[in-house]
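> I would like the atomic coordinates for the input below:
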Amino acid sequence: MLRRKILTVAGLLAASAMLAGCGSGGFNGFYGTNLPGGADVGDNPYHVKINFADVLDLVPQAGVKVNDVPVGRVQSVQLAPDGWTAEVDVVVNGDVRLPANAFARLRQSSLLGEKFVELGDPLVGKPQGKLADNAEIPLDRTNRSAEVEEVFGALALVLNGGGLSQAQVITKELNNVLSGNEQQIRSLLTNVSTLTSELDSHKTEIVRALDNVNKLSATLAAQKDQIGAALDTLAPGIKILADQRSQLTSMLQAMDKLSATSIDVINRSRDDLLTDLKNLAPAVQKLAEAGDDLPQSFGLLLSYPFPDNVVEDIKGDYLNVFVDIDLNLGDLIKNLPPALIGLFPFPGVGSSNEKNLPLTELPLPSLKLPQLPKADRTTPNTGTPALPGLGGLLPGGRK
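As a prediction, this is how the structure comes out:
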């Protein structure tokens with residue numbers, strides 16, 4: 001009898017403790033109690049904070065899984081500082097390695113089962129780094145599965161006035177459209193198939209073009225200030241062009257008339273132009289044959305009668321060179337005018353050399369110069385004595 005009373009008192013105390021727990025914050029006290037059969041987090045677990053837009057009915061002590069293997073548990077679920085999202089603190093076994101850009105998803109163990117948090121590799125991109133202690137997974141890397149209630153609600157929306165009743169009308173109208181146009185529709189489908197095949201065969205080029213467009217967009221975004229300044233500067237110029245539109249139009253019309261006149265002139269003078277070009281061809285050909293001789297002759301023209309490489313040897317009023325002159329007297333005399341050849345009565349020159357002897361075998365004659373009138377020994381207006389000979393034609397130097 002005493003034992004029954006003791007058990008009754010113990011039960012009342014336990015019930016009182018449960019009611020006290022409910023009054024001071026609900027069942028939070030039970031949420032902090034480790035449940036049997038949960039995941040083993042080991043001796044060195046690490047904590048991760050996950051941000052969810054909606055946690056549904058996720059509660060503390062819920063499971064944390066990787067590839068459907070329990071690796072941790074949910075420690076707390078609370079409202080984020082922004083007042084719109086939820087923060088879920090989980091603890092994960094220290095031996096579980098996850099990438100730093102891991103993805104978190106809220107899933108359900110069965111159709112009516114409990115909620116749990118699933119961690120895994122990112123959905124977009126490659127895994128990078130390692131998920132460290134006290135890391136945070138933001139909203140853009142979290143998601144949740146659809147609820148059974150949401151699926152049934154969407155199905156009810158489709159069944160109750162969601163367009164299902166019009167399926168017969170839609171099918172009838174499609175039959176009306178397709179009837180009699182089978183050949184055209186078959187051709188359309190064939191062309192669509194060909195188009196998709198071509199696009200698939202050029203997917204590498206398409207991807208490369210999209211990447212280049214992306215790079216161009218990035219470059220334009222980096223230079224948006226310069227582009228904005230250019231556009232702002234371009235506006236006054238466009239206004240000036242708009243104000244001078246009539247003048248530009250008149251100029252273009254005048255250029256059109258000029259082009260018509262030029263074409264008429266060219267057509268009329270075509271034959272003469274072709275003739276001039278043909279006559280010019282020999283001169284151009286000779287210039288081409290001259291080659292390097294023409295520019296070399298221009299170099300000599302500037303320093304005539306000495307080439308430019310001799311100018312360095314000129315020291316003052318004399319030229320420090322040795323010159324060997326080989327003169328053929330016969331050729332020199334033959335190049336003289338006929339009136340002067342008679343002054344040199346060589347037997348071998350002219351018609352008198354009947355034997356056509358070489359010039360070296362001809363006897364040297366005496367040179368006969370014409371008698372020049374005697375002149376004054378002094379040059380006019382200077383009083384300078386003139387050189388003797390040649391009648392004073394060449395004045396001499398001053399004494």
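> Now do whichever strand or helix holds residue 170: which elements does it pack against?
For residue 170, the host element (DSSP states H and E) is helix 167-178. Applying 3 or more C-beta pairs under 8 Å, 6 or more residues apart in numbering; DSSP states H and E, we find helix 167-178 packed against no helix or strand. (C-beta placed from N, C-alpha, C; glycine too.)
> between the next helix-or-strand element following that helix and helix 167-178, how big is the angle?
Per DSSP H and E, the first helix or strand lying C-terminal to helix 167-178 is helix 182-201. Helix 182-201 and helix 167-178 are oriented at 90 degrees to each other (axes from the mean of the first three to the mean of the last three C-alpha atoms, to 10 degrees).
> what comes into contact with helix 182-201?
Residues outside helix 182-201 that contact it (C-beta atoms under 8 Å, 6 or more residues apart in numbering) are 178, 206.
> same question, stretch 272-285
Here stretch 272-285 makes contact (C-beta under 8 Å, 6+ apart) with residue 266.
> residues of the helix or strand encompassing residue 271 that come out buried?
Assigned by DSSP H and E, residue 271 falls within helix 270-290. By neighbour count with 16 or more other C-beta atoms under 10 Å, helix 270-290 contains no buried residues.
> and residue 75, that one's in a helix?
No - assessed with DSSP: H, G, I helix; E, B strand; the rest coil, residue 75 is strand; it does not lie in a helix.
> Wait, it touches residue 91, no?
Yes - at 5.5 Å, residue 75 and residue 91 qualify as touching, with contact defined as C-beta atoms under 8 Å.
> which neighbours do the two share?
Counting by C-beta under 8 Å, 6+ apart, the residues touching both residue 75 and residue 91 are residue 47.
> which residues sit against the longest helix along the chain?
Longest helix in the chain by number of residues (criterion: DSSP state H): helix 245-268. Residues outside helix 245-268 that contact it (C-beta under 8 Å, 6+ apart) are 241, 273.
> Next, the angle from it to helix 270-290.
Orientation of helix 245-268 against helix 270-290 (the same axes, to 10 degrees) gives an angle of 80 degrees.
> what's downstream of the helix holding residue 271, the next helix or strand?
Toward the C-terminus, helix 270-290 is succeeded by helix 293-302 as the next helix or strand (DSSP H and E).
> what's the angle between that following helix and helix 270-290?
Going by the same axes, to 10 degrees, helix 293-302 is angled at 70 degrees with respect to helix 270-290.
> Buried residues in helix 293-302, which are they?
In helix 293-302, no residue is buried by neighbour count (16+ other C-beta under 10 Å).
> Look up how far residue 270 lies from residue 277.
Plainly put, residue 277 is 11 Å away from residue 270 if you go by C-beta to C-beta, to the nearest Å.
> ah, wrong one, I meant residue 284
Relative to residue 270, residue 284 is positioned 20 Å away (C-beta to C-beta).
> Check residue 118 too.
Distance check for residue 118 against residue 270: by C-beta to C-beta, it reads 86 Å.
> ok so, going back, so for the helix holding residue 271, mean pLDDT?
Mean pLDDT, helix 270-290: 86.
> Okay, now the unreliable bits of the stretch 51-200 of the chain?
Applying pLDDT under 70 to the stretch 51-200 of the chain picks out residues 158, 160-165.
> For it, which segments are assigned as strands?
Taking DSSP state E, counting those that start in this stretch as the test, the strands found in the stretch 51-200 of the chain are 63-66, 69-79, 86-92, 103-108, 115-120, 135-137, 142-144.
> got the angle between the fifth one and strand 69-79?
Here the directions of strand 115-120 and strand 69-79 differ by 120 degrees (the same axes, to 10 degrees).
> Export strand 115-120 to PDB, keeping only CA atoms.
Only the C-alpha atoms of strand 115-120 are listed here, as PDB (Å, rounded to 0.1, in the frame of the first residue of the first chain):
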ATOM      1  CA  LYS A 115      11.700  16.200 -41.600                       C
ATOM      2  CA  PHE A 116      15.500  16.100 -41.700                       C
ATOM      3  CA  VAL A 117      18.300  18.200 -43.200                       C
ATOM      4  CA  GLU A 118      20.300  16.700 -46.100                       C
ATOM      5  CA  LEU A 119      23.800  18.000 -46.800                       C
ATOM      6  CA  GLY A 120      25.700  17.400 -50.100                       C
END
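> Show me what it is packed against.
If you count contacts as 3+ C-beta pairs under 8 Å, 6+ apart, strand 115-120 packs onto strand 63-66, strand 86-92, strand 103-108.
> how about CSV for these, with mean neighbour count added?
What follows is these, written out as CSV (neighbours: other C-beta atoms under 10 Å):
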stretch, mean neighbour count
strand 63-66, 20
strand 86-92, 21
strand 103-108, 19
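> Mind checking those for the one nearest to residue 220?
Residue 220 sits nearest to strand 103-108 of all these, at 32.4 Å, using C-beta to C-beta.
> That closest one pairs with which strands, and in what direction?
Listed by DSSP bridges, the sheet partners of strand 103-108 and their directions read strand 115-120 (antiparallel), strand 142-144 (parallel).
> What residues sit buried inside the first one?
By that I understand strand 115-120. Those would be 115, 116, 117, 118, 119, for strand 115-120 by 16+ other C-beta under 10 Å.
> Distance to residue 96 for those residues - can I get that in CSV?
Formatted as CSV, the buried residues of strand 115-120 follow (distance: C-beta to C-beta, whole Å):
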residue, distance to residue 96
115, 20
116, 15
117, 13
118, 13
119, 8
